[in-house]
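In: just need the structure, nothing else, for what follows:
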Amino acid sequence: MRILLFTGKGGVGKTTIAAATAVKAAKSGLKTLVLSTDSAHSLSDAFDFKLEPEPVKIMDNLWGQEFDVYYSMQKYWGNLRELLLTVFRWQGMDKVLSEELSAIPGMEEGAAFMWIEKYYSEKEYDLIVIDSAPTGETLTLLTLPQVTKWWVTKTFPFQSFTIKTVGKGVRKVTGIPLDKGYAELQNLLKKLEKIHKIFSNPDICSVRIVTNPERMVINESKKAFTYLQLYGYNVDAVIINRVLPKSASNGFLKDYVESQAKYISEINDSFGDLPILTAIHQGKEIFGLELLENLGNYIYKDKNPYDNFYLSKSFEITDFKGGYKLNIKLAFIKNGEYELKKVGDEIIIKIANRKRNIFLPRFAKYLDLSEHFVKDGLLTVILIPIISTKKANS
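Out: Numbers count the residues shown, from 1 in each chain. Down below sits the predicted model:
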């Protein structure tokens with residue numbers, strides 16, 4: 001089973017490209033599900049077919065689903081939230097604070113993840129195409145497993161055995177299901193970690209960035225690419241949408257066509273070896289199966305959208321002078337444009353308003369952060385034993 005996630009700035013035509021990809025895949029014989037995680041759904045409009053919070057068959061080999069936040073949260077998160085609320089209030093927190101803490105970061109995005117985990121476990125589909133929300137919300141979705149792991153670690157800084165043992169006693173005395181609530185939370189965390197591994201595995205998941213040949217859109221696409229690399233997700237293509245045909249240069253659109261040509265050249269130069277696909281502007285709205293099929297055929301031609309078009313290892317760790325060297329690909333980032341620090345067995349990297357906590361093995365507590373730098377789009381972090389550092393200082 002493969003997962004394709006389409007992301008990009010709002011208004012670039014992401015939904016249309018995702019829908020066209022799904023139709024192309026279904027026509028090739030792949031059992032395909034196209035899923036919209038954008039709260040402002042337009043997938044039904046693209047297909048000219050009413051979709052629901054559960055999968056609906058659109059045509060042979062193709063099903064569609066529009067994620068509904070309230071339906072999904074009730075299905076996957078309702079019981080856990082009530083358990084956490086009870087636990088926090090039992091701990092003596094006031095009502096407002098306990099309400100805030102019981103709303104786990106990313107509950108909406110987490111409910112979407114639960115659907116994907118379900119489909120992956122059941123192996124009912126050959127391909128899942130995700131029409132995601134605009135870039136910022138997509139990154140929130142993709143970082144949820146890491147954020148939740150950090151949240152659980154800080155909120156419950158005790159050993160699992162301790163929580164379960166004490167929790168049983170608490171339940172017998174007070175009736176509050178502390179142990180069961182924690183067990184359910186741990187089970188949920190395991191599912192989210194499983195999904196993170198699935199999305200981080202390029203053999204399973206590919207992210208495709210949809211862009212337009214316009215300056216602001218290209219700049220956001222570059223940022224999205226950098227952030228996706230930061231979080232360890234494989235981008236296997238950039239799709240330039242709404243490219244005007246050369247024939248349009250004969251009229252009043254001449255300057256705009258020339259401007260697009262310049263930006264297309266910039267995209268090709270900026271993204272290096274990453275495959276660049278093109279979708280010519282059709283001169284009309286694209287909706288309905290026939291038009292979507294034509295667009296899919298134009299974009300992919302003889303390619304199968306199911307395939308992985310590009311594989312890049314974004315994170316690598318190797319031995320280095322008794323310690324370790326971490327290499328993380330971060331395109332478009334220069335020295336001084338990021339922050340990095342080591343806290344215990346964590347490496348924390350921050351770029352603008354995005355942050356990643358990299359959890360290292362526990363023995364990393366005994367390693368010092370020696371140096372870090374960026375060169376040619378590669379962040380290098382060197383960790384060496386504390387003893388070596390002391391010797392060097394002496």
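In: so where is this protein shaky, pLDDT-wise?
Out: Within the chain, the stretches with pLDDT under 70 are 73-74, 76-87, 89-91, 96-110, 135-138, 140-186, 188, 387-394.
In: could you list the domains of it?
Out: 2-72+106-151+197-300, 315-393 (automatic domain parsing).
In: which residues touch residue 381?
Out: 325-328, 340, 347, 369, 371-372 (Cβ atoms under 8 Å, 6 or more residues apart in numbering). From N, CA and C alone the C-beta is placed, and that goes for glycine too.
In: out of those residues, which is nearest to residue 255?
Out: Comparing the contacts of residue 381 against residue 255 with Cβ to Cβ places residue 328 closest, at 40.7 Å.
In: that closest one contacts residue 351, doesn't it?
Out: No - in this structure, residue 328 is not within contact of residue 351 by Cβ atoms under 8 Å, at 10.8 Å.
In: who has more neighbours, those two?
Out: residue 328 (24 against 19; other Cβ atoms under 10 Å).
In: part of a strand, is the more buried one?
Out: Yes - Residue 328 forms part of a strand when assessed by DSSP: H, G, I helix; E, B strand; the rest coil.
In: overlap in contacts of residue 328 and residue 351?
Out: residue 230.
In: just the contacts of residue 381 now: which is nearest residue 280?
Out: Closest to residue 280, out of all of those and judged by Cβ to Cβ, is residue 328, at 36.0 Å.
In: nearest spatial neighbour of the closest one, skipping sequence neighbours?
Out: residue 379 (4.5 Å; Cβ to Cβ, 6 or more residues apart in numbering).
In: ok, what's across the strand from the one you found?
Out: residue 328, residue 374 (DSSP bridges).
In: my read is that it contacts residue 325, right?
Out: No - with contact defined as Cβ under 8 Å, residue 379 does not count as touching residue 325 (11.0 Å).
In: between the two, who's got more neighbours?
Out: residue 379 (22 against 16).
In: list the contacts of the more buried one.
Out: Counting by Cβ under 8 Å, 6+ apart, residue 379 touches 326-330, 333, 338, 340, 349, 372-373.
In: and residue 294, how far is that from residue 238?
Out: As judged by Cβ to Cβ, to the nearest Å, residue 294 and residue 238 stand 21 Å apart.
In: ok, the two, which is more surrounded?
Out: residue 238 (24 against 15).
In: so the more buried one belongs to a strand, correct?
Out: Yes - remark: residue 238 belongs to a strand, assigned using three-state DSSP.
In: what's across from it in the sheet?
Out: For residue 238, the beta-bridge partners are residue 209, residue 276 (DSSP bridges).
In: quick one, what contacts it?
Out: 208-211, 221, 225, 267, 271, 274-277.
In: out of those, who's nearest residue 51?
Out: residue 210 (20.1 Å).
In: burial count for that closest one?
Out: 28.
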